[in-house]
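K.L.:
model this:
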Amino acid sequence: MANIRDLKKDINYVLGDIIEAVYLWELTNPKKETKNSEAIIDEAINVFDELIAKINLKNVENSKQHFKGINQELEEKGRILIAKINDLS
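P.N.:
Okay, here's the model as predicted:
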């Protein structure tokens, strides 16, 4: 990982793309219920807030390991959200 700025950009892009995919699903399925898709958007926003809060922690013992863990958490939670989008129907 290059730096904190790049990690913040990755979080923004990944979760932004997930939210965009949900909106696209809602546009292509106008007659379907949007309660589940809105829940995915809310979850993506919560994940964003959690990860940014973790990045902004100042009292971290091993910063390299801390940021690597945040990157892994982004990947895991991103996959879970993508799976939820794929299950919409």
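K.L.:
please make it C-alpha for all contacts and neighbour counts, starting now.
P.N.:
Noted.
K.L.:
any idea which residue is closest to the centre of the chain?
P.N.:
With distances taken as Cα atoms, centre = their mean, residue 15 lies nearest the centre of the chain, 3.6 Å away.
K.L.:
do you know how far the residue of the chain most remote from its centre is from residue 65?
P.N.:
What lies farthest from the middle of the chain is residue 31; by Cα atoms, centre = their mean that is 26.2 Å. Summarising the geometry, the distance separating residue 31 from residue 65, computed by Cα to Cα, to the nearest Å, is 46 Å.
K.L.:
and residue 13, by the same measure?
P.N.:
As judged by Cα to Cα, residue 13 and residue 65 stand 22 Å apart.
K.L.:
before we move on, what about residue 86?
P.N.:
To residue 65, residue 86 is 32 Å away according to Cα to Cα.
K.L.:
mind listing what's buried along the helix or strand containing residue 77?
P.N.:
With elements taken from DSSP states H and E, the one containing residue 77 is helix 63-87. Of the residues in helix 63-87, those with enough neighbours to count as buried (16 or more other Cα atoms under 10 Å) are 67, 70, 71, 74, 78, 81, 82, 85.
K.L.:
contact partners of that helix?
P.N.:
Under the contact criterion Cα atoms under 8 Å, 6 or more residues apart in numbering, helix 63-87 has outside partners 1, 4, 7, 11, 14-15, 18, 21-22, 37, 40, 44, 47, 51, 54-55, 60.
K.L.:
so where's this structure uncertain?
P.N.:
Counting by pLDDT under 70, the chain contains low-confidence ranges at 1-2.
K.L.:
just the buried ones from the contacts of helix 63-87?
P.N.:
Applying a neighbour-count criterion of 16+ other Cα under 10 Å, the buried members of these are 7, 11, 14-15, 18, 21-22, 37, 40, 44, 47, 51, 55.
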